[in-house]
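Trainee: The sequence and its predicted three-dimensional model are supplied below.
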Amino acid sequence: MIKYFTLNLVAVLCALTSISATAQCPTSTTQLPSATLTANTNWQIADTNLVGGSYSLYNVTAGMVYEWSMCVTDGAVSNFDSELTLYNNADLSTALLYGDDECGSDAKITYTAGFTGVVRIELSEYNCQSNTTAVTLVYRTLGLAPAAPANDNCAGAIALPVNSNCVPTSGTVTNATLSLPACAGAANNDVWYKFVATAPDAVVTVAGSTDFDAVVEVFGGNCANLISLDCIDDTYEGETEVVNLVGLQVGNEYLIRVHDYSATTPLSTTFDICVTSSISSVNQIGVAEIKIYPNPVHDHLRIGGLNPSVDLISLYDMYGHLLFGIDRGGIAGLELLEVNTQDLAKGLYLIEILTNHSKSTKPFVKM
């Protein structure tokens, strides 16, 4: 008999204080300076009295590249561990980009504008904290963006073959732009691939070049109705990400999004990608058999396939706030964990599963 446990999220939420993970920071109420700024090609000072928990506004033009920096080497003045979060000022529900530790403990964002209008930069101290310490943020435009790669958007996804062994296809994020908010890190340079399932199981492998920290997300559905199936960010620069997929429909097309974790362009922008037809060909992570369902969810989310290697299961909202965490002691002996999601607001959430040797992030949508 499967051992399972139902977790009442209401009680957990009442008992836990939200804390931030590396994802993005919510909006603040203090605007500094009061004017909306317009960039030129030189580094300009936004304000010398910005504090953690303040924001500034900037005019942007579609197709232009912009940078905001707290890096001392760019002329900024920083006195705390900074974070930057970029929003479309007309839609503050979801951040476009998030920057943290791009230069030491300070943040920098590079963004190719996908619209003409006003963007909002939120400045905060690490862990989305406010403070009263004055710092200087600088900004500029790099001009018109170079031509993007053919697979810059979902509609241009490059078809990949499915083989019994990995046959790598070379890829690059050079001149790529943001398509969707990231499931991990910043997706300001995402590119797209697709494959047709030849078996119920498949493995997507992405090997990054020296400075490339790959994030890999796999979708069902189509470009007009993307359904996130898995998001993997287990490794670091120059290493390999592996997505183990099960329960695929043979003959269906699936989409893959690849981008670098950082909010700036990496020094090396290339990677190799392949799709193989059997999980047995790659056995890197111990959470492949753990699945969350149904997705989207209404009332109860089930986390199935639990095993003794699981150390911690955590739930984050789309801002990176921790909603609950259950450790090995609460999971021991369970094969299925049921989470009551009735009182969650509609939107995107992330389940993070930590084992004794790996980490996997699995997104789901509350309807």
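Mentor: Yes, it's here.
Trainee: Might you report the residue contacts of A113?
Mentor: V60, T61, A62, G63, M64, V65, Y66, V119 (Cβ atoms under 8 Å, 6 or more residues apart in numbering). (Glycine included, C-beta is placed from N, CA and C.)
Trainee: Looking at these, which two lie furthest apart in space?
Mentor: G63 and V119 (14.1 Å; Cβ to Cβ).
Trainee: which one of the two has more residues nearby?
Mentor: Shown here are G63 and V119; by other Cβ atoms under 10 Å, V119 has more neighbours (23 against 15).
Trainee: Wait, the more buried one touches T61, no?
Mentor: No - with contact defined as Cβ atoms under 8 Å, V119 does not reach T61; the gap is 10.9 Å.
Trainee: which parts of the helix or strand hosting R120 are buried?
Mentor: Assigned by DSSP states H and E, R120 belongs to strand 117-125. Residues V119, R120, I121, E122, L123, S124, E125 are the ones in strand 117-125 that count as buried (16 or more other Cβ atoms under 10 Å).
Trainee: Bridge partners for the first one, pull those for me.
Mentor: Yep, that's V119 we're talking about. Beta-bridge pairing for V119 (DSSP bridges): Y58, N88.
Trainee: just D47 next, same as before
Mentor: According to DSSP bridges, beta-bridge pairing links D47 with L137.
Trainee: which residues in the stretch 101-250 of the chain form strands?
Mentor: Applying DSSP state E, counting those that start in this stretch to the stretch 101-250 of the chain gives strands spanning 108-112, 117-125, 135-144, 158-159, 162-163, 169-172, 191-196, 202-208, 214-222, 225-232, 240-245.
Trainee: With L178 as the reference, name the closest of those strands.
Mentor: strand 108-112 (6.8 Å).
Trainee: strands paired with the closest one, and their directions?
Mentor: strand 64-69 (antiparallel).
Trainee: any idea of the angle the partner strand forms with strand 135-144?
Mentor: 160 degrees (axes from the mean of the first three to the mean of the last three Cα atoms, to 10 degrees).
Trainee: avg pLDDT for strand 64-69?
Mentor: Per-region confidence: strand 64-69 scores 96 on mean pLDDT.
Trainee: Low-confidence regions, the stretch 1-150 of the chain specifically.
Mentor: 1-23 (pLDDT under 70).
Trainee: Now with 90, please.
Mentor: Within the stretch 1-150 of the chain, the segments meeting pLDDT under 90 span 1-27, 93-95, 97, 100-102, 114, 127, 145-147.
Trainee: and if you look at the stretch 251-367 of the chain?
Mentor: Ranges of the stretch 251-367 of the chain meeting pLDDT under 90: 262-266, 277-367.
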